[in-house]
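Undergrad: please work out how this folds:
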Amino acid sequence: MSAIFAAFVPIWCLGFLGWAASRSGRVPPQAQGVFTWFTFNLAMPAVLFLILSRTDLATIRFGPLAAFAISTVVIGGAMVPLLRGKLHERIVAVMASCYVNAGNLGIPIALYLLNDVTFAISVILFQILIMSPPIFMALGAEKRFTLAPLRTPNLIASGLGLAFAATGLDLPAVVTGTLESLGGAAVPLAVFALGMSLHVPRAELSRPGLLSLVVAVKLVAHPAIAFLVGHFLLRLDQPALFSAVVFAALPSAQNTFVYASAYGRPAGLARDAILVTSLLSLATVPLLALLLQ
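TA: Residues are numbered from 1 along each chain as shown. Model (predicted):
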């Protein structure tokens, strides 16, 4: 429990600093857009390239990944027609409902609960390479070039990282050091920008009904479907089932907010869902872990 709590503390602290900076008026509101742009176009691609360039694809665990992926597709497939509004608004709600924080929360939780980060890397791969392209296309559907989102820095960096991993070569130290410095800014800036967005008038908060639906789907329906698929359909053993369900129970990812903001879409629902699911998952993730062990 203490290790899970420790994984959340930096996120809360950075978010609080962003909120306090915005509330104080000492940081101009335009800075939030600059932070988001830097994160989306430079820092996040650097992180993804480094992670994937060091990934041994032979270690991917396809059983639990299939349970996680199927549950994610079921959630997305059900939410899109269920929700109202423009396509990009529904896509933001879908992301908040099933795009999990597999990186800066999933990796430390995987180390603590699974003693292995392999599955966390597998989920990151699935979300970036399989989930992100249709998300980018939907968020950019009303833009001039519909396919332009497929050329985003995240996808390009991921493809290059996988290609480099396939060569088995090592990056020069100067390149690795530069990318690590750049990538080190991804989480702090993303969470700081998210914290800044929390300082909003009450009128701009998400509709309680929609937010409650998204939170319930993320923290209850997503892991429940992962359990049903993994246990009854795929017949996973206990460790594999445990991995799939715990990761499906993770809170909404900061990428939900970053993606919506980067495409100029309303990000209020993403902001509020990340905050609420991150707070509640501090209780729900350990509870699920206890029930499944």
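
Undergrad: these two touch, right, residue 210 and residue 268?
TA: No. Judged on C-beta atoms under 8 Å, residue 210 makes no contact with residue 268 at a distance of 10.2 Å. Using the backbone N, CA and C atoms, a C-beta is placed for each residue, glycine as well.

Undergrad: residue ranges in this protein under the pLDDT threshold?
TA: For the chain, the stretches flagged by pLDDT under 70 are 1-5, 7, 141-150, 199-206.

Undergrad: one more time with 50, if that's ok
TA: Along the chain, segments meeting pLDDT under 50 span 203.

Undergrad: could you check how far residue 251 is from residue 283?
TA: Residue 251 sits 11 Å away from residue 283, going by C-beta to C-beta, to the nearest Å.

Undergrad: between these two, which has more neighbouring residues?
TA: With neighbours defined as other C-beta atoms under 10 Å, residue 251 and residue 283 compare such that residue 251 has more, 28 against 12.

Undergrad: so the more buried one sits against residue 102, correct?
TA: No. Using C-beta under 8 Å as the test, residue 251 is too far from residue 102 to be in contact (10.5 Å).

Undergrad: element containing residue 288?
TA: For residue 288, the host element (DSSP states H and E) is helix 268-292.

Undergrad: mind listing what's buried in that helix?
TA: Within helix 268-292, the residues scored as buried using 16 or more other C-beta atoms under 10 Å are 268-278, 281-282, 284-286, 288-289, 292.

Undergrad: and it, what does it pack against?
TA: helix 2-24, helix 87-98, helix 186-197, helix 208-216, helix 238-248, helix 254-262 (3 or more C-beta pairs under 8 Å, 6 or more residues apart in numbering; DSSP states H and E).

Undergrad: that one vs helix 238-248, what angle?
TA: 160 degrees (axes from the mean of the first three to the mean of the last three C-alpha atoms, to 10 degrees).

Undergrad: residues in contact with the residue most central in space within the chain?
TA: Centroid-nearest residue in the chain, with C-alpha atoms, centre = their mean: residue 253, separated by 2.9 Å. The contact partners of residue 253, taken as C-beta atoms under 8 Å, 6 or more residues apart in numbering, are 95, 99, 100, 101, 102, 103, 127, 274.
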